[in-house]
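# Quick check, what structure comes out for this input:
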Amino acid sequence: MARAPSFAGLILAAGESARMGTDKARLLWHGKTFLEAHIDALTMHTDLVLVVAGNNAAALQPVVDARAAFLAVNPQPERGQFSSLQLGLQEVLNRGRDAAIIALVDRPPVQPGTIDRLRHALEQAPSGIWAVVPEYGGSHGHPIVVGREMITAFLQAPPEANAREVEHVHLSHIAYIAVDDPAIAANINTPEDYQRIPS
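So this is what the prediction gives:
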């Protein structure tokens with residue numbers, strides 16, 4: 001029997017973007033910033049969208065407000081991305097949702113059909129599957145879709161852990177779904193990386 005979780009979109013956007021030299025959330029892509037495009041993409045597939053910011057919170061707040069999303073601020077972004085993930089997932093639960101579609105702001109958003117396929121895969125998965133991870137060309141990527149059990153696993157992990165370690169511990173509970181979407185594995189870390197993607 002299919003599950004019917006209540007989904008939130010979660011965008012991790014608290015990084016310093018040191019190698020890029022400018023906040024990757026504000027890079028332009030197809031006439032929108034990465035952040036705007038991610039919010040728009042997740043809004044179509046979720047009940048609400050949360051953005052986790054760090055020292056860039058004041059700059060991102062107007063974008064978040066304009067798109068009727070919600071901002072959560074990581075007070076210690078220097079602790080790394082996993083601290084933002086834990087903060088964001090706790091906020092997902094606090095807002096009464098029990099599943100999340102997690103995206104990283106430092107890459108262009110995936111195709112709408114990819115998000116739909118990943119969400120549907122979790123909804124139709126047996127109860128032993130807690131998360132769905134996309135795969136393209138042998139690489140795993142984002143967004144990942146997590147149910148309550150995986151959210152709990154992330155939240156119960158020690159702060160010094162990382163998402164990859166937690167996923168490795170729970171490999172038997174993760175479904176890897178092949179998708180025809182290279183954006184799931186795109187990494188935009190430098191100006192050179194950014195110049196190679198379609199604008």
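
# outside of stretch 75-85, which residues touch it?
10, 12, 14-16, 52, 54-55, 74, 102, 104, 154, 157, 159, 161-163 (CB atoms under 8 Å, 6 or more residues apart in numbering). Every C-beta, even on glycine, is put in place using the N, C-alpha and C of the backbone.

# repeat for stretch 155-169
The set of residues external to stretch 155-169 that reach it, using CB under 8 Å, 6+ apart, is 79-83, 85-86, 89-90, 93, 131, 133, 153-154, 174.

# Quick check, central residue of the chain?
Ala103 (1.8 Å; CA atoms, centre = their mean).

# and the helix or strand where that residue lies, what does it pack onto?
Following DSSP states H and E, the helix or strand that holds Ala103 is strand 99-104. Judged by 3 or more CB pairs under 8 Å, 6 or more residues apart in numbering; DSSP states H and E, strand 99-104 is in contact with strand 7-12, helix 34-43, helix 81-94, helix 112-124, strand 144-147, helix 148-156.

# related to what we said a few turns ago, looking at the contacts of stretch 155-169, spot the one nearest Lys24.
Nearest to Lys24 out of the contacts of stretch 155-169 is Gln81 (CB to CB; 12.6 Å).

# Relative to Pro126, how far out is Ala103?
25 Å (CB to CB, to the nearest Å).

# which element is Val133 on?
Assessed by DSSP H and E, Val133 sits inside strand 131-136.

# next structured bit after that strand?
Sequence-wise, the next helix or strand downstream of strand 131-136 (DSSP H and E) is strand 139-140.

# Name every strand pairing with that next one and say which way it goes.
strand 131-136 (antiparallel) (DSSP bridges).

# Just checking the distance from the partner strand to the centre of its chain.
Here the centre of strand 131-136 is set off from its chain's centre by 12 Å, with CA atoms, centre = their mean, to the nearest Å.

# Now that strand: average pLDDT?
Throughout strand 131-136, pLDDT has a mean value of 96.

# Any buried residues in that strand, and which?
131-134, 136 (16 or more other CB atoms under 10 Å).

# Kindly reformat the residues you listed as a markdown table containing distance to Ala25.
Output for the buried residues of strand 131-136, formatted as a markdown table (distance: CB to CB, whole Å):
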| residue | distance to Ala25 |
| --- | --- |
| Ala131 | 24 |
| Val132 | 25 |
| Val133 | 23 |
| Pro134 | 21 |
| Tyr136 | 23 |
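
# For the residues you listed, which two are the farthest from each other?
Between any two of those (CB to CB), the greatest distance is 17.0 Å, for Ala131 and Tyr136.

# before we move on, the earlier item: out of the contacts of stretch 155-169, who's nearest Trp29?
Taking CB to CB as the measure, Trp29 lies nearest Gln81 of those, at 20.5 Å.

# Distance across stretch 41-58, terminal residue to terminal residue?
22 Å (CA to CA, to the nearest Å).
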